[in-house]
Structures are given as structure tokens and as C-alpha cells.
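Colleague: model this:
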Amino acid sequence: MRKIVIGGMTAALALSLTACNINVSEGDKPAAAGSSSPAGSAPSHTSSPGDTGGSGGSGTPRTRHTPTTPAPQQPAQQIGSKWGPLHYLAPGKYAVGHVVFFTSTDTRLTIAGGDCPDGTPPPADSFKCGIDGFDAWAQNAQHDVTVRFSGQVATSIQETQ
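Modeller: Reported below is the predicted structural model:
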């Protein structure tokens, strides 16, 4: 009994050492320890009668994969401004192109013509409006805008014609 257990442990150790040799850097060719196969051949598993491929008893060879380290995340690039059609997503949440942004009470709105979103006429010299009523204004008609950002918050929205 002791011989079988020690023999099984030795075989398992030999297989695990061979499996560890799979991780190779680019340019290197995998070669199983103690094999005489050419450097370019893929690792193979030779089964013998009664080989069950492990404790599962399925008869299928098991493949061990060493986990790879995930690539470091690139920091998100800050977008200074974006031009395009304005899309309403939810109260206070909009999109221009594929850029989603929010508004705040400090967001400045400049319209190209017509009334401000709250229904009042804009000052004749600046066309600057408050953000009140902006949700309905964005939903009721198509507006092409240039949006300037500070993070994900719009600092200014300028309607273009």
C-alpha cells in the first residue's frame, strides 16, 4: 500500500512539474522537461492503460493553466469637450456621442436662438440661459451642442446650428 501511495505521489509531482513548464515568454518554444521532442511541438499527454487523468476517473487528461496577471488598467483620458447631438438619458444625465455627462446648477447654457429652456427669452446680447427646464428642452427637440467638461460634469453647453 505504501509503495502505491508513494508511486502515485511521485507521478503527480512529475506531471505537475511538466505542467508548470507551459508558461513561456514570447519567442521561447515550449519543451517538456526530459522530452526529446523538437522545440516547436506542442506539449502532449500520453496515457497508459488504467490512467484516469486524475482523481475524477473520467479518463480525460487534465490540463493545468497557470493564471495570468491581468493587464494594468489604463487611466481614463479626460475629455475636454465634445460636439454632437444632445441625447437625454435620465433627469440630469445626458450624452453627446458616446460621452455621458451630468449637469449641475453651475452649468452654463448658451442657446443658438429661441427661448431658454425655462420658457423665458434669453438676454439679447449673450443668449445665456439657466439650466432650469433643461430636461424637457433636451427631450422635445434635437439640439446639436458643444459640451465642455470637468470630469463627468458639463461646465458649459453651447447650442450650435
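
Colleague: Can you list the strands that the top strand by length along the chain pairs with?
Modeller: Using DSSP state E to assign secondary structure, the strand with the most residues in the chain is strand 81-90. Taking DSSP bridges as the criterion, strand 81-90 sits next to strand 93-96 (antiparallel), strand 144-150 (antiparallel) in its sheet.

Colleague: Next, count neighbours for Ile131.
Modeller: Ile131 sits with 20 neighbouring residues when counted by other Cβ atoms under 10 Å. Any C-beta I mention is one placed from the backbone N, CA and C, and that applies to glycine too.

Colleague: do Thr160 as well
Modeller: There are 11 residues near Thr160, going by other Cβ under 10 Å.

Colleague: what's the nearest residue to it if we skip its chain neighbours?
Modeller: Counting by Cβ to Cβ, 6 or more residues apart in numbering, the nearest residue to Thr160 once its immediate chain neighbours are dropped is Asp144, at 4.9 Å.

Colleague: Quick check, the one you found in contact with Leu86.
Modeller: Yes. Here Asp144 lies in contact with Leu86, judged by Cβ atoms under 8 Å, at a distance of 7.3 Å.

Colleague: These two: which is more packed in?
Modeller: A count of neighbours by other Cβ under 10 Å puts Leu86 above the other of Asp144 and Leu86, at 19 against 14.
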